[in-house]
Every structure is written in C-alpha cells, then in structure tokens.
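# What would the 3D arrangement of this be:
(chains A and B)
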Amino acid sequence: MSVDNSILSVDDVSVHFTDSGGFLGLFGERQTVRAVDGISLDIGENDVVTLIGESGCGKSTLGKAIIGAQEPTHGSITYRGQDIWEAKNSRNPDIPFSEIRRSLQIIHQDPGSALNPNQRILTSLMLPLKKWNPNLGEEERRKRVYALLERVGLTPAEDFVERFPHQLSGGEKQRVVLVRSLLLNPDVILADEAISALDVSLRVEMMDLMLELQDLFNTSYVFISHDLSNARYIAEKSGGRIAVMYLGRIVEVGPIEQVIGNPQHPYTQALKWATPNLYEGEGDDDLPIRKIDIPDPTNRPSGCHFHPRCPKAREVCETNDPGAFEDEDGHAARCFRADDTHEYWDSPSIVDD
Amino acid sequence: MRTSNQNDSDPDQDVVFEVRDLEVTFGTNRGESRVVRNVDFDIYRNETLGMVGESGSGKSMTSSALMNAVVSPGETSGEVTYYPPDGGEPISVLDLDEEELRKFRWGEVAMVFQGAMSSFNPVKKVRGHFKETLEDHNRDVEAGLERARQILGDLYLDPDRVLDSYPYELSGGMKQRALVALALILEPEVLVMDEPTAALDLLMQRSIVSLLKDLKEEYDLTIIFITHDLPLLTKLADRLVVMYAFDIVEVGSTEEILYDAAHPYTRSLLNATPDLNAPIEEMQSISGSKPDPVTNIPGCSYRPRCPMADESCAEAEPPMADRGNGHRTACFYHDDVSDEIPIPAMEAAEEGGEGE
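The predicted model follows:
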C-alpha cells in the first residue's frame, strides 16, 4: 500500500487505551481498548484516502494519529521523513513540530462548535494567519481571507466577515472552517465526518468544493465517514482510495472502483448492502451478517475479529487471524477468502442454516 | 391555499388518518412562524408512508400533529381524523382532552423519536419502562412482558439481558431497537417514526429497516417513517410524501416518485442524493437556500430555486395536480418537468438493464 512521494507514512501504528483504574478500577481488571491496532498506510501528495467503518471502529482515532493529535502507543508516523513524535520531543528535529502541526489540519463534524461564537468571522480567520505568518501585514492577511472567501462562494466577503457564527447556516459555517484550515496552506486536511451534519441536498456541493480547492492548494485529504455513498463519491471523483476499518484494523483497502465494485471482505459486502441505491429495485432484505451488534471492543473475538458476525465464517476463522492478501492493483483484504489456495476452503462452516 | 378536487379521500382505500388544512404556527419576535401550511393528506391502513424533505421543511411538525403532540407555544389547527379499525367511531385528534389523548397515544398511535438515548430514564432498568407503560394503561403486565420478550427477540436482541439492563449499558443501536419494542408493547395500530435511524451506523440503519418490514407484517402495523435519507426510505415505504417549505409538494407510490417525479424539487432532490450507482459527474446540489418560516413567498414557494419558474409561478400558488394512481404534485408544469430536469442516475440504471 505504498505511494510514491508520500507526505505521511503510518507504519504499524497502534493506539491502545487502558482505563487508568480510577476509584472503581481498584476492584476490577484493567481493560484495554485497541482503538487502532497495527495499521500501516501512506498518504501521498494530492491524495485522497477515505476511512469508513461503524462507530467505535477506530477511524477517528486513526485520523487523529495521522495528523499528530494523538500519540500512538506503538509504531511511528513520519512526515516527509521526520518522525512526528520525535520532532515534538527532540531539540533539533529536521522539521520543527510546529511546522508539522501547521501542515496537518482538521475539520470537524460540527462546524458550530469549531468557531468561537463571540468572534466575528474575520477574527476567526485572521488569528491563525497571524500566528503562523507573523511577517504578513494586516492588509495582506485581509486580502488573503477575502480572496479565499470569494473563492468558496461566501460573497460579498466584506459583509460576510463582519458576521458572527450564529448568523450563518450550517453549510456556510462548514465552508468558513474549510477556509480557515486552507489559509495555512496545509499538506493534509483530516475531514472527520465533515459533511455528515449537512442537509443531503448540500453534501455534493461541499464535497465538490473540497475537491476544487484540492487542485488549487495541492492538499491531500483524509476523509472519514460512516456513509459509504459519500465516501465513494469523493474517492471516485478524486481517483482516491478507500480503507474499510473494523475493530481497530483496516480489513480492506484499495482503489475505490475495486473495493466498491468487487469487495473481497464479507464486512465490506455487508456495508455495501447497507447502502441502498435509489434505482435498483426492492433490494435484498436478508441480513448479510449473523449478529447486528458489534462485539465488546475490550474483549475482541479470537481469530478473525469479524467471525462471529460473518456469514461465510468457517472453523479456521475462529482460531487463525487472517493477514492482508494484496493483489497487483493494491487492493488488499484481510480475509482468507481472498486467497484461492488457503486451507479455509477445506475448513467446515460454522454458520448454521 | 392548495385546494384540489382530490380533497376527498380515495374511496378504494381504507384510511386510518385523514389530515385536512393542517397548520402549525409559532409566535416569534420576528412575526408569526408558519412551520406547517395547509397540509392535506391521507394515511392508508397497513401501509408504510415515507416523508422526506430538508431539515426544517415541516415533516417532524406534521407527524407530531398526528398525535396532537406539537409542543407549546406551537399552535395546531385544522382537522386530524383518526379512524379506528373495524369501523369504530372516528376520532378528531385535535379535539381530545388530556385524558383521552393519554389513552390515544401509545395505545392507538405510538411514536419513536431520533436519539433513543434521551427517551429512556437513565436510572430505571429497561424492564421498568415496559412495566410502567403497561400499568399506566391498565394492561396485564405478565402478558405484556411476554410480548415484549417476543418483540425484542424479533429485533435480534437477547430479551432477558436487555430487560435487566440500565439504558447506559446498551449501545445506541440496542437502545433504539428496545425503544421500538417499547412503542409496540400496547399493540398500537399506527407507529410514527421520526428519524429513528439517523444517529445510527449504516449497517444498523439498514438492519432496522429490514426488521421493521417483518414487524409490520407480523403485527399488522401502519408505519409513518420520517427521514432525510431517501435511498433508505425507498427500500421501506409503499408511498412517499415530499415536503418542501412547510407543505407537501408531491405524493405518490414509491415507484412513481422514483421513476416519474413531476415536481422540480423532487427531481433535484433525486439528483442531489449520492448513492453507489449514481454517475458522479452528473450529481448536483440544489442551489439557493431554504425558505424562512416567517416569510411568505407569494405563488409557488419553490420558485426562487426552481430552474423552470416563470411569471405565472409568482402570481398564484400551483394547485395539487392529479397525475393518476394517487400521484399528485403541486406544479403548473408537471407535464414538462421530466424533459426539463432529467435524472441521469435513473437513465443509467435503465440503460444498464435491470439492477441486481
């Protein structure tokens, strides 16, 4: 899954959360949630990677680790060859930590809480510019803000910057937040459910805008979503990849056309089933999973973590943990079924019916 | 006001709810906010009726009015008539007093809201919620709990584990399903669901929709399902009601709405809805912003955003035009809409032969 000219390299990263005991913890066992479990991923220039999965699968934690907002408990994340956490902790890194932080920006789901309600839009947009570009004069900063606001359709910019966040609609606020992160000219923007709170009729427009600005600013996106159709839209339009996460791991990754068109992992197939299309008739109402609920993340199933829900599970899946089987196009799945010669095919089924 | 010769109910249908001239208003310091405007529609017995529209289009308020549950200081006016099964005396819902309403809600019509988290009392076990509801409506508690176990099982839950849990011990999806079971405990005729799956993961959403289909058959329910998730809704609903600007702009069978939508808003909504098959180059958001409930747009309320609007649209409000088979739409140019606003995803699906 390597990419030429990668900006960010995620190498065997794990993020484990252990409850620190606390008062009640004195009496119980400590529990560990492996939110991210041994993930490797490269992000290139002008790249789009979408992360998709159910809540609790670790996609937001992975996203935060990627932009240096969450320290991994294991593995490393390097930005242009510089280990992010070494940069933070050492005196003379090749690339200072502050520059890495500026280059890696985030847009949250709720733009309302990302903007200071007591500040005019102008203040919210000028402050980060002033912090990161102290040499820029007031006039120059103002010019940049106006130009970018006009670019995203928030016009007339002179009127717009005088408003407070509560005077904007949800879509307008999200655009202001996008503008704010772009003003710093970042290399990577993490968009964590950035369009989920928008009305359906506005989502396509917001995604188009993000991609238009990508061409302009040469930015890469890590786009986190729980909605497969949105993830597919942005990945397909940008020629990007999709990574499907389940219980802390990437279970399938590859070019969008292949993952959606020819999903290898039964979990990806279930997600595809769960994303109905308008024009495809009735759809199949038989559940392609054996259990609806996600297992307890502190006590993950043995073998393949998906086996208790998997409709194709066989005995070998209960004990053996499948590695990633990758084809020549960079399409990989952690499922024995992706390997035609695996012993899985001779193993008895554990699915009754 | 939108009047039409179709104001009388379709005589071939067994109507369970008849809504006429429904208005919901709130006084605000900017003036009167009319969040539901002259809405007329019928709900047929044992159908699943889907309501779609942007947030703030009035769909939640319309459904709340079915149970006279619009919160103060909102004012509800018009007629909402409920027809009990087996030819019982019709009930005028907006004229019920407190005690009558208490019996009517849950017993006849039950409602499930978005955000199950806030519908349960956090310090009471799930079993306690079921018991309290049964006792409050003077039902046999033992028989009721047995029924609860059965419904919980139908919803892929372990009945005893769920009943013995506090709400915080259940995941969001489990709570939402427990809430559906609680809504059905008094064997209501009608189940109103307002964005019941919006806060849930897609696998859970789709699973619940599949389970609802089974529940509807098993318990002879009429379901009203409100959502902004159009693709999901088309897999469940028999008929669709499309709301825009506080009124219904189109109603018809799911097939008719998908393949022969005759209102510009409905067609633009279909074009703005991403799914896995839609051709990405053709997708388009709906330009313009949604209307303010305080302002009155003379003529057609969609006119400021409509690519087909002309002077006549400003002069009068288009009446509901009948297109046959119960398909009605409020547009003067309903015969021309399909040529003016093509739906590429539909054409692609038709060219590509039958879907899977």
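# what's the helix or strand for the residue of the stretch 101-250 of chain A found nearest chain B?
Closest residue of the stretch 101-250 of chain A to chain B, C-beta to the nearest C-beta: A:Glu205 (3.4 Å). From N, CA and C alone the C-beta is placed, and that goes for glycine too. Element membership for A:Glu205, per DSSP states H and E: helix A:200-217.
# and if you look at A:Ala87?
Under the criterion DSSP H and E, the helix or strand holding A:Ala87 is helix A:84-89.
# for the stretch 151-300 of chain B, what spans make up the strands?
Counting by DSSP state E, counting those that start in this stretch, the stretch 151-300 of chain B has strands at residues B:190-194, B:222-226, B:239-244, B:247-253.
# Could you list every helix and strand that the first one packs against?
Applying 3 or more C-beta pairs under 8 Å, 6 or more residues apart in numbering or on different chains; DSSP states H and E, one finds that strand B:190-194 makes contact with helix B:59-65, strand B:109-112, helix B:172-183, strand B:222-226.
# let's see 10 Å
On a contact count with 3 or more C-beta pairs under 10 Å, 6 or more residues apart in numbering or on different chains; DSSP states H and E, strand B:190-194 meets strand B:15-28, strand B:48-52, helix B:59-65, strand B:109-112, helix B:172-183, helix B:202-219, strand B:222-226.
# How about the spatially closest residue to A:Thr78 that is not a sequence neighbour: which residues does it bridge to?
Excluding the flanking residues, the one nearest A:Thr78 by C-beta to C-beta, 6 or more residues apart in numbering or on different chains is A:Ser9, at 4.7 Å. On the basis of DSSP bridges, A:Ser9 takes part in beta bridges with A:Asp42, A:Thr78.
# and chain B, what are its domains?
The domain map for chain B lists B:118-187, B:262-351, with the assignment taken from automatic domain parsing.
# Could you point out which of those domains sits nearest chain A?
Nearest to chain A, of all the domains of chain B, is domain B:262-351, at 3.4 Å by C-beta to the nearest C-beta.
# Give the rounded mean pLDDT of stretch A:134-151.
The average pLDDT for stretch A:134-151 rounds to 90.
# Mind listing what's buried along that stretch?
A:141-142, A:144-146, A:148-149, A:151 (16 or more other C-beta atoms under 10 Å in any protein chain shown).
# same thing with stretch B:337-348?
Of all the residues in stretch B:337-348, those buried under the rule 16+ other C-beta under 10 Å are B:337, B:341, B:343, B:345-346.
# just stretch B:175-189 next, same as before
For stretch B:175-189, the neighbour count (16+ other C-beta under 10 Å) marks B:175-186, B:188-189 as buried.
# do stretch B:271-283 as well
For stretch B:271-283, by 16+ other C-beta under 10 Å, it's B:271-278, B:283.
# Residue ranges in the chain under the pLDDT threshold?
All of this refers to chain A. Within chain A, the segments meeting pLDDT under 70 span A:1-4, A:20-29, A:281-283, A:353.
# Actually, chain B is the one I wanted.
Counting by pLDDT under 70, the ranges of chain B that qualify are B:1-11, B:115-117, B:352-356.
# Which parts of it are helices?
Secondary structure of chain B (DSSP state H): helices located at B:59-65, B:98-107, B:126-136, B:141-154, B:159-163, B:172-183, B:202-219, B:230-234, B:254-260, B:264-272, B:311-315, B:337-340, B:344-351.
# which residues sit in contact with the residue lying closest to A:Arg163 once chain neighbours are set aside?
Spatially, and ignoring its direct neighbours in sequence, A:Arg163 is nearest to A:Ile121 (5.6 Å; C-beta to C-beta, 6+ apart). Shown in contact with A:Ile121 (C-beta atoms under 10 Å, 6 or more residues apart in numbering or on different chains): A:115, A:145, A:149, A:154, A:157, A:160-165, A:167-168, A:172-173, A:176, A:179-180.
# Provide the secondary structure category for A:Val253.
strand (DSSP: H, G, I helix; E, B strand; the rest coil).
# Touching, it and A:Glu326? I think so.
Yes: contact criterion C-beta atoms under 10 Å: A:Val253 and A:Glu326 qualify, at 8.8 Å.
# Helices along the stretch 51-200 of chain A, start to end?
For the stretch 51-200 of chain A, the helices defined by DSSP state H, counting those that start in this stretch cover A:59-66, A:84-89, A:97-103, A:111-114, A:121-132, A:138-151, A:157-160, A:170-182, A:200-217.
# Of these, flag the one that's most buried.
helix A:59-66 (a mean of 24; mean count of other C-beta atoms under 10 Å in any protein chain shown).
# In PDB, could you pull the C-alpha coordinates for that helix?
The C-alpha trace of helix A:59-66 is given here as PDB (Å, rounded to 0.1, in the frame of the first residue of the first chain):
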ATOM      1  CA  LYS A  59     -11.400   5.600  12.300                       C
ATOM      2  CA  SER A  60     -11.400   8.900  14.200                       C
ATOM      3  CA  THR A  61      -8.500   7.700  16.500                       C
ATOM      4  CA  LEU A  62      -6.500   6.700  13.400                       C
ATOM      5  CA  GLY A  63      -7.300  10.100  11.800                       C
ATOM      6  CA  LYS A  64      -6.100  12.000  14.900                       C
ATOM      7  CA  ALA A  65      -2.900   9.900  15.000                       C
ATOM      8  CA  ILE A  66      -2.300  10.700  11.300                       C
END
